[in-house]
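[1] Could you look at this predicted model? Sequence included:
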Amino acid sequence: MRKIYIGILIAMICAGCQSKRDLFENAQMTPQTVKIIRFDSAFVGLDTTQMSESVDKLYKEYPDFMPYFTSDLLGLENKDSLVAVLPKFLTDTTLKIQQMLKDEQSLFADISDIQRETNEAFTRLKYLFPDMSVPDIYLYVSGFVSPVYFPSEGVIGIGADMYLGSDYPAYAQLAYEYQKQNMRKECVVGDAISAYLFRSLPFNGRQNRLLDHMIYHGKIMYLLDQILPEEKEEQIIGYSREQWTWCVDHERAIWQRIMDKRDLFQTDGIVLTSYMNDGPFTSEVSQDSPGRLGSWVGWRIVENYMNTNEDVTMQALLDNDDAQQILENSHYKP
């Protein structure tokens, strides 16, 4: 009898388990190659003794990127302004720009891992969305201005100087503690493709409720998890392992808190910001929590939905603007 009881118990437990769905099982995919342009190396290699000629050369070699780099990232009017400012920029002692440029070139001397991961990610994306273009990626340094930048259609800019390591000295003046954990080279691909997806697949919720934003962000997290299979789950969303574990351990309490406060259908900007924006914690839930709990819960709901409804394609999921229907058909009950 004891063996029978244990067997029934195991069967009941397994019946409630769902294996992670693989959207690419037995898929025949055409390999894609992302062009990575080392603008960072060209910029670092400027001949400071002939600044005007060096800047002219950059404009000639990178005619599409340089105007955006000058105006958007450096906030300068034109090429002449860049020539005038660069000597001061390169000799800045507050943020030790010269040292930063050396450190960046050393850390990013080998980008084979970035190349391979982006190739694989866009190979998977092209399989799911044949009409989606494969962008070029420009690595740049701009004095800690921006980690990811979109200068034009079909181009992703990655500020390599924003990924020099969580304990990089200059970040002490530039970033909060909760931000530093993602300022590592290992986060480059996830950040770049996440930003690309949010830009390429804009919010399509029927209403401006928390639930609609949770489901939208959950769709993007789910897609990222599918196209970046080597990324750890916590890195997909930008958490530490401890933060991820906290969420899993408190998942039922998080959901109960959201339900008790009736926040799912809130449209108040302060509430939406608390749940969806980055921060040291999610104030509507707990000061012990990580930020962006709305995205994390949304991801769990969407994953449940896709595991439960195996006939739903990724395109159908993205096209579905009924967040309420996705929640109900996910059978999400932590």
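    Yes, it's here.
[2] which residues in the stretch 101-250 of the chain form strands?
    Per DSSP state E, counting those that start in this stretch, the stretch 101-250 of the chain carries strands over the ranges 136-140, 148-149, 155-159.
[3] what residues does the second one touch?
    Just to be clear, that refers to strand 148-149. Contacts to strand 148-149, defined as Cβ atoms under 8 Å, 6 or more residues apart in numbering, come from residues Y68, D72, L73, Y140, I156, G157, I158, G159, D191, A192, A195. (Glycine included, C-beta is placed from N, CA and C.)
[4] Would you mind giving the residues you listed as CSV with pLDDT, distance to I215 and neighbour count added?
    Formatted as CSV, these follow (pLDDT from 0 to 100; distance: Cβ to Cβ, whole Å; neighbours: other Cβ atoms under 10 Å):
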residue, pLDDT, distance to I215, neighbour count
Y68, 94, 33, 19
D72, 93, 32, 16
L73, 92, 33, 19
Y140, 97, 34, 25
I156, 96, 25, 22
G157, 97, 29, 28
I158, 97, 28, 27
G159, 97, 30, 23
D191, 96, 22, 20
A192, 95, 23, 23
A195, 95, 19, 17
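[5] So of those, which two are at opposite extremes in space?
    Spanning the widest gap among these are Y68 and D191, at 19.0 Å by Cβ to Cβ.
[6] Tell me how many other residues crowd L82.
    Neighbour count of L82, defined by other Cβ atoms under 10 Å: 21.
[7] Let me see the contact set for it.
    V55, T70, L74, L76.
[8] switch the cut-off to 6 Å
    Contacts for L82 (Cβ atoms under 6 Å, 6 or more residues apart in numbering) come out as V55, T70, L76.
[9] Redo those residues as CSV? Include secondary structure and distance to Q181.
    Formatted as CSV, the contacts of L82 follow (DSSP: H, G, I helix; E, B strand; the rest coil; distance: Cβ to Cβ, whole Å):
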residue, secondary structure, distance to Q181
V55, helix, 36
T70, helix, 32
L76, coil, 32
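[10] so which of those residues comes closest to V297?
    Taking Cβ to Cβ as the measure, V297 lies nearest T70 of the contacts of L82, at 41.6 Å.
[11] was I right about the closest one contacting L76?
    Yes - the pair T70 / L76 is scored as a contact, 5.1 Å apart, by Cβ atoms under 6 Å.
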